[in-house]
Structures are given as C-alpha cells and as structure tokens.
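Colleague: Only the shape, not the letters, is given here:
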C-alpha cells in the first residue's frame, strides 16, 4: 500500500506515523551488514519523504500498534514507546537495533507465497506492483510515483514503469494534445 523498500519498512518507528494526517515519514532504513542489522539514512536525499496512506492501512497499523503494545507490556514489562520500531523484536541480539532481520521479511514472504501457490514473486515486486497499479488506475502520474518511491530521477521511474501505461490513456493524451 506504500511502495516502500523492505529496509524502509523495517526502519520505521511509531513516531514516523501520523494517524491524524495519514502520513508515514521515511527517515531511515534497516541495512544488512553481514548477519547484523544497522539503521542508516535512506539511500538518497529523495528517499527521505512523506507518504500519504489510506484508511485501510491506518486501521491495520493501529491494530498492529495495539498488538505490539500488548507484547511490550507482557515481554518487556514496559509501555510501547513512540521511539520503538514498528517491527520491534523483543528477542533481538542487538538491543540498540531491536528489529527483525530484513531477511526474515523475505523468508516470511516466501512462506506465504508457497502457502498461496504464488511462487516467483519477490518481496520487492510488491513495490513495483504498487507503482504499476497507480499508473494503470490513473491515480498518479510519473512525477507522483517518482516522489512516492523516493527515486532521485524521474528517468528511473519512466524507464521502469511507463511501459505499463495503458494504451487507451496514451490515446487520450494524444487526442487532448490535438485540441
């Protein structure tokens, strides 16, 4: 629902969510360094961004926060903090970066695919699917998608996604250019 990279998702803290304004702020990313995980700045300055999100994702995140809060109370005997990561791992070896290893996201995704008989779709393909759906449904233009995905150059976005613009939309653009 966001087109975020796996590391960006894993780097989210509760303070990055504004439920009232329906915004997620992307300010950091989880990076694999061998078997360890570090939190770094996103890959480019354009990767630091704010994403507007819909009501269904807000509801899902509020439910997840409630579940995380209960786990935090039970396992750590403390309240969930806005400084906690969305994917806080109470068993993490590195207490400075107490999150699940990004590879665990991929492993979970692969198990879900297998159960649903959807093999051959990478987790990163969800990012592409999000962008393509926005284009096909006419909900965003290339510049919007560039900003949403955090691409530094619209040429990257154009080269990757323009081939998915429906021919009918291209015809509409051509017809309106004649007027």
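Modeller: Cool, got the structure. Predicted model, so just to flag it, every value in this text is computed and none were measured.

Colleague: What separation is there between the residue found closest to residue 89 once you drop the neighbours it is linked to in the chain and residue 90?
Modeller: Leaving aside its sequence neighbours, residue 89 sits nearest to residue 100 (CB to CB, 6 or more residues apart in numbering; 4.7 Å). Quick note: C-beta positions are derived from backbone N, CA and C, even for glycine. According to CB to CB, to the nearest Å, residue 100 stands 10 Å off from residue 90.

Colleague: before we move on, what about residue 30?
Modeller: 17 Å.

Colleague: Look at the two and report which has more neighbours.
Modeller: Using other CB atoms under 10 Å as the criterion, residue 30 and residue 90 rank with residue 30 on top: 24 against 11.

Colleague: If we ignore the residues flanking it in sequence, what's nearest the more buried one?
Modeller: Per CB to CB, 6+ apart, closest to residue 30 is residue 10, 3.7 Å.

Colleague: Need the per-residue pLDDT for the residue nearest to residue 89.
Modeller: pLDDT recorded at residue 100 is 85.

Colleague: Hmm, residue 86 and it touching each other?
Modeller: No - in this structure, residue 100 is not within contact of residue 86 by CB atoms under 8 Å, at 10.2 Å.

Colleague: What is the end-to-end distance of stretch 147-154?
Modeller: This stretch, stretch 147-154, spans 9 Å end to end (CA to CA, to the nearest Å).

Colleague: go on, stretch 111-125?
Modeller: With CA to CA, one end of stretch 111-125 sits 16 Å from the other.

Colleague: Return the distance of it from the chain's centre.
Modeller: 17 Å (CA atoms, centre = their mean, to the nearest Å).

Colleague: who touches the residue nearest to residue 89 in this structure?
Modeller: The contact partners of residue 100, by CB atoms under 8 Å, 6 or more residues apart in numbering, come to 10, 87, 89, 92.

Colleague: do the same with residue 160
Modeller: 128, 131.

Colleague: and it, how far is that from residue 3?
Modeller: 12 Å.

Colleague: Ok, residue 17 next?
Modeller: Applying CB to CB to residue 17 and residue 3 gives a distance of 16 Å.
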